[in-house]
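A.B. asks: This is the structure alone, sequence omitted:
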């Protein structure tokens, strides 16, 4: 059976971030992922994780300057990426997390050839730094409709970057929402690259709401993940249609059951 993690940048946003851990645990989630928790002391986050029995997955590297969306592939910003990665690394180790999503950043078309070399070099350096700490570096193809000029859009490109880096602790964050928008053919595409996948995420397409609407057959996706032996967590990175708890009926058959709910019911 698939295991679901609450992305606390998207779910339970009716509450301040530090209160979302309790909400996730009460709703039946056993793991959470964060994006940018840096305004909170690691000790405060770690205390919430322990209090509610939650497994912490990943965090993101910082955006950078206003209007930026990461730095890992941005030419001329190598030192800034190193600082952002070290911030994320120290934080995720401090809270007992497992992964760092290294945001590639926005790159204009004319800079893409040099940006690829920067991306590979930055990831190689970061992967070597993280070696021995059991921290996975993730890179995520993001669709250009939501994030114009983002450097990494396709799963195939991500797999090629990982091959060039050549480090076992660099993996793909396979977000079915983004992959569907860019490429489609989700099951065959996942099968082709599953050895390079370190984490997966979900949301409805095109709405980015709960994964019970739209053009992706998520029950088939979950069965496929089981079939291929995917043992990781599935990150719920969607925007709820309303109150988060009210939209979790889709997850109950998979064990995300709050107090008073019954598994297998909508």
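C.D. replies: Arrived safely, thanks for sending. Quantities reported herein were computed from a predicted structural model and do not represent experimental measurements. Numbering: from 1, shown residues only.

A.B. asks: What segments of the protein are strands?
C.D. replies: Ranges of strands in the chain, per DSSP state E, are 3-7, 31-33, 55-56, 58-60, 99-101, 136-139, 170-175, 197-202, 233-236.

A.B. asks: Listing partners with orientation, what would you give for the first one?
C.D. replies: Taking DSSP bridges as the criterion, strand 3-7 sits next to strand 31-33 (parallel), strand 233-236 (parallel) in its sheet.

A.B. asks: how about the ones you listed in TSV, adding distance to residue 252, mean pLDDT and mean neighbour count?
C.D. replies: Where C-beta positions appear, they are placed from N, C-alpha and C, glycine not excepted. Conversion of the strands paired with strand 3-7 to TSV gives the following (distance: least, CB to CB, whole Å; pLDDT from 0 to 100; neighbours: other CB atoms under 10 Å):
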stretch	distance to residue 252	mean pLDDT	mean neighbour count
strand 31-33	17	98	25
strand 233-236	13	98	24
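
A.B. asks: quick one: which of those is nearest residue 109?
C.D. replies: strand 233-236 (30.0 Å; CB to CB).

A.B. asks: distance between that closest one and the chain's centre?
C.D. replies: In terms of CA atoms, centre = their mean, to the nearest Å, the centre of strand 233-236 is found 8 Å from the chain centre.

A.B. asks: residues contacting residue 248?
C.D. replies: 27, 28, 210, 256, 258 (CB atoms under 8 Å, 6 or more residues apart in numbering).

A.B. asks: In ChimeraX, select just the buried ones from those.
C.D. replies: Remark: buried members of the contacts of residue 248, expressed as a ChimeraX selection using 16 or more other CB atoms under 10 Å:
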select :27,28,210,256
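
A.B. asks: and of the contacts of residue 248, the nearest to residue 135?
C.D. replies: Nearest member of these to residue 135, counting by CB to CB, is residue 256, at 26.3 Å.

A.B. asks: per-residue confidence at the closest residue to residue 171 other than its chain neighbours?
C.D. replies: Sequence neighbours aside, residue 198 is the residue nearest to residue 171 in space, at 2.6 Å (criterion: CB to CB, 6 or more residues apart in numbering). If you check residue 198, the pLDDT there is 97.

A.B. asks: Next: residue 65.
C.D. replies: 91.

A.B. asks: What is the burial count for it?
C.D. replies: 9 (other CB atoms under 10 Å).

A.B. asks: who's in contact with it?
C.D. replies: Per CB under 8 Å, 6+ apart, neighbours of residue 65: none.

A.B. asks: Just want the phi and psi numbers for it.
C.D. replies: Residue 65 adopts backbone torsions of phi -80, psi 170, taken as degrees, to the nearest 10.

A.B. asks: Okay, it and residue 90: tell me how far apart.
C.D. replies: When distance is defined by CB to CB, to the nearest Å, residue 65 is 21 Å away from residue 90.

A.B. asks: next one: residue 121
C.D. replies: Residue 121 is 21 Å from residue 90, by CB to CB.

A.B. asks: Looking at those two, which is more packed in?
C.D. replies: residue 121 (16 against 11).

A.B. asks: In CSV: the strands paired with strand 3-7, plus distance to residue 206.
C.D. replies: Formatted as CSV, the strands paired with strand 3-7 follow (distance: least, CB to CB, whole Å):
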stretch, distance to residue 206
strand 31-33, 23
strand 233-236, 17
